[in-house]
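Visitor: Okay, here's the prediction I keep looking at, along with the sequence it came from:
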Amino acid sequence: MTFKNPVTTASGCFGYGEEFKDFYDLGLLGGIFVKAVTGSNREGNKYPRMAETPSGMLNSVGLQNKGVDNFCKVIYPKIKNFNTEIIVNVSGSTIDEYVMVAERINELEGIPAIELNISCPNVKEGGMAFGVVPSTATKVTRAVRDVYKKVLMVKLSPNVTSISEIAKAVVDGGADVLTLINTLLGMAINAETQRPVISTITGGLSGPAIKPVALRMVWQVFKAVKIPIVGLGGIMNATDAIEFMLAGSSVIQVGTANFIDPMVAPKIIEGINEYLDRHNIASARDIIGALKVC
Amino acid sequence: MKKFAHDFKVVTNNRLNTRHFVLELQAALPLPEILPGQFVQVLVHNSPPTFLRRPFSIHFVDYAKNTLRLLVQVKGEGSRHMGLLQTGDNLNLVYPLGNAFSVPSSNKVLLVGGGAGVAPLMFMGDYLNRKNLRPDFLVGFRSGDEVSQIDEYSKYGKVFLSTDDGSMGEKGFVTQHSVFKQTPLPYDRIYCCGPDAMMHAVSKLAAEKGVPCEVSLENFMACGYGVCLCCIVQTDKGNERTCIEGPVFDAARLKWQSNG
């Protein structure tokens, strides 16, 4: 598959795209990774679900969504004609659930790829549990690979000792593309009340606070595997996006920044073009993994 | 409804008392239609601890001057920085966000506000006046030195006042005010905005008296436009977003105890 430009929006930070139609033409985007879809309805975690932290935020939404049946029947018809690539983030508590959701999404003509979410830190079962052990990461990827016929992306968790090892395990399972990173497991405490700020005590850290970690992981994975990388983690502007591309990302996702500036993604597209012009670089492809290390 | 993210210019920064101030902000482009109960998300510049935007109810809209006003209570770093803004400074807003108070069918309406929660009631009062309706206001403050803008509210309707310490108006919380001692309560609808505990208490009283009540919530949120799913509130329909399905909810639909 191809993207019209390398700027896409991250799952969980852009709804199903519909909410941003009030701000700009979604056709400007390279693609939209829509909110995670699970086998059945999930109410998600209790309020409060977020905490503001230095240069970032913690969230613990818990994959709130109405399930794959509702996605196919109600949401898909509304978004399938957006003039951009729509990729569905697929999540679950069991391998059977991932497989079931992937099979259903496979039937949707307008969806060229799925992003397997084996890295959500905010659910009791499944999610990140699949993404932190190489053997289970391979197993769930392979099970989905067997039923899913289009582009299979797998979103990795940064909460591991060796990101390269997990990346290789997922490639062994048959992934076509790797997305990294999901949120870092973190915690916020209110000293005055002596209580955790969010209901689940721990949550996923995102925003500029995690950018150096994400860049490092993209670079390590770029060197470790041969398949394309979708990079994300604290991208707030075009310069951040270019750094991720230099580290080895073919495509980048804008996540938390969408909460602060709803217009940020089109601004990043414009900023990348300005950068390419200024450096006399013909195409954004030319900077993928072009980091000069010697 | 179309939404925007634009810089506004500070026209005035009017300090009401030690903890509250009103910013009047002028838009560069003509303001779209804005309804009472809607809010904006403010980007606070030069305040590193303030990573996310801050939601504020729209306090007043003046289409002739192309301005809107925000009533701000100094709570943390973000609001403290907003208090330092001067005439001519820029402030970036995402607007207009959320739903709105319903339009009542009669004159017999009570607008109840507490502290900075009075913010949307001034706009609502003006809006109702334009529809030839005159509401009553019941506003509560901590003490007399925080009582402000009573003359302004009085332009739009009759004002009842209470302070926690009794230094102005009746002593006690708004729910203890003599307005609520009337039986039957002479109102067809109550609109309420303020601290959670106050809104819960008012909605309970309203339910006891059989008067429909709408409350404007201020749950923590990241985005303000429906995608982060952090500001959810439990209602009779499950989890709903304060920023899209709200901030105004029919109080009878809310499951208060579980709101944290």
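Guide: Looks like it came in fine. Numbering: from 1, shown residues only, chains lettered A, B, ... in the order given.

Visitor: Per-residue pLDDT of the closest residue to A:A113 other than its chain neighbours, please?
Guide: Spatially, and ignoring its direct neighbours in sequence, A:A113 is nearest to A:V151 (3.6 Å; Cβ to Cβ, 6 or more residues apart in numbering or on different chains). The way it works is simple: take the backbone N, C-alpha and C, and place the C-beta from them, glycine included. With respect to pLDDT, A:V151 has a value of 98.

Visitor: Near chain B, which residues of the stretch 101-250 of chain A? Just list them.
Guide: Counting by Cβ under 8 Å from any Cβ of the partner chain, the residues of the stretch 101-250 of chain A lying close to chain B are A:199, A:207.

Visitor: Any idea which residue of the stretch 101-250 of chain A lies closest to chain B?
Guide: Nearest residue of the stretch 101-250 of chain A to chain B: A:G207, at 6.3 Å (Cβ to the nearest Cβ).

Visitor: count of neighbours near that residue?
Guide: If you count neighbours by other Cβ atoms under 10 Å in any protein chain shown, A:G207 ends up with 26.

Visitor: From what I see, it and A:E52 are in contact.
Guide: No - contact criterion Cβ atoms under 8 Å: A:G207 and A:E52 do not qualify, at 9.2 Å.

Visitor: any common contacting residues for the two?
Guide: When contacts are counted by Cβ atoms under 8 Å, 6 or more residues apart in numbering or on different chains, A:G207 and A:E52 are jointly contacted by B:F51.

Visitor: pull the helix or strand with minimum mean pLDDT from chain A.
Guide: Using mean pLDDT, DSSP states H and E, the weakest-scoring helix or strand in chain A turns out to be helix A:128-131, at a mean of 87.

Visitor: contacting residues around it?
Guide: With Cβ under 8 Å, 6+ apart, helix A:128-131 has contacts from A:95, A:98, A:118-121, A:136-137, A:140, A:155-157, A:159-160, A:166, A:182, A:185.

Visitor: ok, now which ones touch the residue of the stretch 101-250 of chain A closest to chain B?
Guide: Neighbouring residues of A:G207 by Cβ under 8 Å, 6+ apart: A:53, A:55-57, A:234, A:236, A:256, B:51.

Visitor: Wait, a strand at B:T175?
Guide: No - applying DSSP: H, G, I helix; E, B strand; the rest coil, one finds B:T175 to be helix, outside a strand.

Visitor: So it sits against B:M199, correct?
Guide: No - the pair B:T175 / B:M199 is not scored as a contact, 10.3 Å apart, by Cβ under 8 Å.

Visitor: So those two - more neighbours on which side?
Guide: Neighbours were counted for B:T175 and for B:M199 using other Cβ under 10 Å; B:M199 has more, 26 against 20.

Visitor: Could you find the closest non-adjacent residue to the more buried one?
Guide: Excluding its sequence neighbours, the residue lying closest to B:M199 (Cβ to Cβ, 6+ apart) is B:V215, at 4.3 Å.

Visitor: Now, of the contacts of helix A:128-131, which are buried?
Guide: Buried members of the contacts of helix A:128-131, scored by 16 or more other Cβ atoms under 10 Å in any protein chain shown, are A:95, A:98, A:118-121, A:136-137, A:140, A:155-157, A:159-160, A:166, A:182, A:185.

Visitor: In helices only, show me the residues you listed.
Guide: Judged by DSSP state H, the buried ones among the contacts of helix A:128-131 include A:95, A:98, A:136-137, A:140, A:166 as members of helices.

Visitor: Report the contact partners of the residue nearest to B:M199.
Guide: Going by Cβ under 8 Å, 6+ apart, B:V215 touches B:192-193, B:199, B:202-203, B:248-249, B:251, B:254.

Visitor: For it, name its beta-bridge partners.
Guide: Assessed by DSSP bridges, B:V215 has beta-bridge partners B:C192, B:F249.

Visitor: in the chain, which segments are predicted with low confidence?
Guide: Here I'm looking at chain A. The model of chain A has no residue with pLDDT under 70.

Visitor: let's do chain B instead
Guide: B:257-260.

Visitor: Show me what from it comes close to chain A.
Guide: Counting by Cβ under 8 Å from any Cβ, chain B sits next to chain A at B:1-5, B:43, B:48-53, B:94, B:219-223, B:225-234, B:238-239, B:244, B:258-260.

Visitor: do that again at 6 Å, thanks
Guide: By the rule Cβ under 6 Å from any Cβ of the partner chain, the part of chain B lying against chain A is B:2-3, B:5, B:51-52, B:220, B:222-223, B:225-230, B:232, B:238-239, B:260.

Visitor: Got a ChimeraX select line for the buried ones in the residues you listed?
Guide: A single ChimeraX command selects the buried members of the residues of chain B next to chain A (16+ other Cβ under 10 Å):
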select /B:3,5,51,52,220,222,223,225,226,227,228,229,230,232,239
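
Visitor: Sort out for me which of the residues of chain B next to chain A are in strands.
Guide: Counted as lying in strands by DSSP state E, out of those, are B:5, B:232, B:238-239.

Visitor: Now the two most distant members of those residues.
Guide: Taking every pair in those and measuring Cβ to Cβ, the maximum separation is 29.8 Å, between B:A5 and B:G238.

Visitor: quick one, what contacts the nearest residue to A:S157 once chain neighbours are set aside?
Guide: Counting by Cβ to Cβ, 6+ apart, A:S157 lies nearest to A:S119, which is 3.5 Å off, once chain neighbours are set aside. By Cβ atoms under 6 Å, 6 or more residues apart in numbering or on different chains, A:S119 lies in contact with A:128, A:131, A:155-157, A:182.

Visitor: Could you pull out the strands in the stretch 1-150 of chain B for me?
Guide: For the stretch 1-150 of chain B, the strands defined by DSSP state E, counting those that start in this stretch occupy B:4-15, B:20-27, B:39-43, B:54-57, B:60-62, B:67-73, B:90-97, B:109-114, B:136-141.

Visitor: residues contacting residue 122?
Guide: By default, I'm working from chain A. A:N122 neighbours (Cβ under 6 Å, 6+ apart): A:60, A:62, A:204.

Visitor: not quite, I wanted chain B
Guide: Neighbour list for B:M122: B:59-60 [criterion: Cβ under 6 Å, 6+ apart].
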